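# Need coordinates for the below:
(2 chains)
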2 protein chains.
Amino acid sequence: MSESLAEIGEEEIINRLKRFMPFGQSDDDTALLNTFKKNVLVNTDVLVEGTHFSKNTTSPQDIGWRAITANLSDLASNGVDQVLGITVGLVAPPQTQWEWVEGVYNGIWEALERFGGNVLGGDCSSGQQKLLAITAIGTPGPLRLQRSQAIPGDWLVTSGPHGLSRLGLALLNSDPLANSDQLSKALKSKAILAHQRPMPPLKALRALESCKPTLLPWRAGGTDSSDGLIQAVKNLCRSSGCQAVLDPKKIPKNDDWPLGSHWDNWCINGGEDFELVLSLPSMWAKNLIKVLPNSKAIGYMENGPPNIIWGDSRDPITECSDFKHF
Amino acid sequence: MSESLAEIGEEEIINRLKRFMPFGQSDDDTALLNTFKKNVLVNTDVLVEGTHFSKNTTSPQDIGWRAITANLSDLASNGVDQVLGITVGLVAPPQTQWEWVEGVYNGIWEALERFGGNVLGGDCSSGQQKLLAITAIGTPGPLRLQRSQAIPGDWLVTSGPHGLSRLGLALLNSDPLANSDQLSKALKSKAILAHQRPMPPLKALRALESCKPTLLPWRAGGTDSSDGLIQAVKNLCRSSGCQAVLDPKKIPKNDDWPLGSHWDNWCINGGEDFELVLSLPSMWAKNLIKVLPNSKAIGYMENGPPNIIWGDSRDPITECSDFKHF
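Numbering: from 1, shown residues only, chains lettered A, B, ... in the order given. Prediction:
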């Protein structure tokens, strides 16, 4: 039987939500984290219906899963060791059905079971628009990845192919741009999965940590490609004061990705890929490419203004990401 | 010159926000907290325009201040020692003027300067409705206040008078219910200030910790009255499995609070008072009333179903709070 949030009432909503946070806050408004022996990393991300997800393309479970992926991807791109937990701020209109809230929390749980961490608590309120604000807390590992840590001479490496999530979105929206004779069935399924069930790059981070040449210090530039590959590289350039040179023959497309400029654009600007984009000493980069199957060197950093240029023509890359928050 | 968020663009918005978090995340998506030697308390609160604030009654600065107060009040009602910091999830429609965002952050800063803690980071997105999701992190003090820690025989004590914020809201809305010959100018100003610039009960918590009789253990039931005095007592009853008996002659009104049932109702159900509502051994309660000027014993806990009754008639208190989130 379907019930709207207004019918259920706040008290009962809170009661029902408690079963999602057995290790976190229950009666009280604050959660106590028991196991801090180290510094912690903290991150907050907001996902808004219409901007970050739509009911046409994303089930409630997928919304919950993707919210966790977005936050853990941010933690991973700063070198998280263990995910301690998250808090959930959830907003929905009064007429929202309970099944939606439950679905979102189920997706959150599924993701946390897979990637670690508990629901520590949260808040729930009515509003015109569905919205999730997640704060994730984790302990830092040996490598503090930062955007500002790239230096000239570094190789640029991505942990995986790009554009799949953008293609998945287009397929789910029956966007005519997604029509191509070159699209294999396998690529279609992979793209839809990449959009609905993206993975935070935790395995890639573990691989990166495992293959550092002993003589090198724990220094690497890094971020994730949640706003697209070009935006990620741009962020590295700006924070580190380097110029990035990308090899147009090495942009990290999926094996059977179609040819054409609009497909190239989806690859480099599609967004929500949640891969690591790294700036590494060449030795470390070579090791990573050996141990991480889908990783790829895409270019290098050099002295210069904080721009991105193509290596063949030295033309600047100015195209913007599809993904705008405003 | 006024600029809307859509005109400024996301990149510049993020740049402008960075100056509000000099000790937190700047280039990256995650903040590192440096000083954990203890467990931490974590709390998330969401404030939505229309539900928790309106532009008629609350300036952007006041919204920021009140968001911090709401979160720190939650931390205080669980026994926080030091406030380490907060993250801010901010949502606003694209046409929102930058001045609004800046005002909110200025209010946040003002409050943190007063009460401790830094802005550790956050996220910003467009949405139909203005909204703040704040996560606050703090270290726990010696007393872990919890709703479940009340026991029969405890006295019920509030750290201050109630209803002022509700009256302030009514005055700001020119609500005819706020008209009374009995309303002094001083009470009016105090009520408006209580609504626009509420204080988290950190001083009350310090007083409570300072006056514990040496022989007693660190055990007390407690919560804050953000959703009204009756709701706070109800939460204590429910979590602790006790019946609360309130003395109608002792409800914690301001000195010159008008007489009448609707005024009584605003006092006990108005909400957003952000006082501590405590369940304490009588010895500790008596000490607190001595050291904390506005605190007041309002009743006691006894064995029984988790209800609230009036002490004179033994009638149940069933009135509900004005303050509904759904």
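# Near chain B, which residues of the stretch 151-300 of chain A? Just list them.
A:Thr223, A:Asp224, A:Asn235, A:Ser239 (Cβ under 8 Å from any Cβ of the partner chain). All C-beta atoms are positioned from the backbone trio N, CA, C, and that covers glycine.
# So which of the residues you listed is the closest to chain B?
A:Ser239 (4.2 Å; Cβ to the nearest Cβ).
# picking that back up, I'd like the residues of the stretch 151-300 of chain A next to chain B as JSON lines, with secondary structure appended.
Formatted as JSON lines, these follow (DSSP: H, G, I helix; E, B strand; the rest coil):
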{"residue": "A:Thr223", "secondary structure": "strand"}
{"residue": "A:Asp224", "secondary structure": "strand"}
{"residue": "A:Asn235", "secondary structure": "helix"}
{"residue": "A:Ser239", "secondary structure": "helix"}
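# of those, buried ones?
A:Thr223, A:Asp224, A:Asn235, A:Ser239 (16 or more other Cβ atoms under 10 Å in any protein chain shown).
# Mind picking the two most distant members of the residues you listed?
Within those, A:Asp224 and A:Ser239 form the most distant pair, 13.7 Å apart (Cβ to Cβ).
# which ones are touching A:Leu90?
Applying Cβ atoms under 8 Å, 6 or more residues apart in numbering or on different chains to A:Leu90 gives the contacts A:Val101, A:Val104, A:Gly122, A:Asp123, A:Cys124, A:Ser125, A:Leu131, A:Leu132, A:Ala133, B:Val46.
# Tell me which of those fall in helices.
Of the positions in the contacts of A:Leu90, A:Val101, A:Val104 sit in helices, assigned by DSSP state H.
# Pick out the one among the contacts of A:Leu90 with the largest number of neighbours.
Scoring these on neighbours with other Cβ atoms under 10 Å in any protein chain shown, the highest-scoring entry is A:Ala133 at 33 neighbours.
# Name the residues linked to that residue by a beta bridge.
A:Val46, A:Gly89 (DSSP bridges).
# what about A:Gln129, how many neighbours?
17.
# Provide a list of residues in contact with it.
A:Val48, A:Glu49, A:Gly50, A:Val91, A:Pro93, B:Gly127, B:Gln128, B:Gln129.
# likewise A:Phe53?
A:Leu47, A:Asp62, A:Ile63, A:Arg66.
# what about A:Leu216, distance to chain B?
21 Å (Cβ to the nearest Cβ, to the nearest Å).
# Kindly state the pLDDT recorded for that residue?
On the pLDDT scale, A:Leu216 is placed at 97.
# Tell me the confidence at A:Leu167?
96.
# Please apply the same query to A:Ser26.
For A:Ser26, the predicted pLDDT is 49.
# what does A:Leu33 give?
The model's pLDDT for A:Leu33 equals 52.
# pretty sure A:Leu41 is in contact with A:Ile137, am I right?
Yes: in this structure A:Leu41 lies within contact range of A:Ile137 using Cβ atoms under 8 Å: 7.0 Å.
# Redo the contacts of A:Gln129 as a markdown table? Include secondary structure, distance to B:Glu113 and pLDDT.
A markdown table is the format used below for those (DSSP: H, G, I helix; E, B strand; the rest coil; distance: Cβ to Cβ, whole Å; pLDDT from 0 to 100):
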| residue | secondary structure | distance to B:Glu113 | pLDDT |
| --- | --- | --- | --- |
| A:Val48 | strand | 30 | 92 |
| A:Glu49 | strand | 35 | 92 |
| A:Gly50 | coil | 36 | 87 |
| A:Val91 | strand | 28 | 90 |
| A:Pro93 | coil | 36 | 87 |
| B:Gly127 | coil | 28 | 89 |
| B:Gln128 | coil | 32 | 91 |
| B:Gln129 | coil | 28 | 91 |
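# Mark which of those are buried, thanks.
A:Val48, A:Glu49, A:Val91, B:Gly127, B:Gln128, B:Gln129.
# out of those residues, which one sits closest to A:Ser295?
The closest of those, once distances to A:Ser295 are taken by Cβ to Cβ, is A:Val48, at 31.8 Å.
# Next up, the contacts around the closest one.
Taking Cβ under 8 Å, 6+ apart, one finds A:Gln129, A:Lys130, A:Leu131, B:Val91, B:Ser125, B:Ser126, B:Gly127 in contact with A:Val48.
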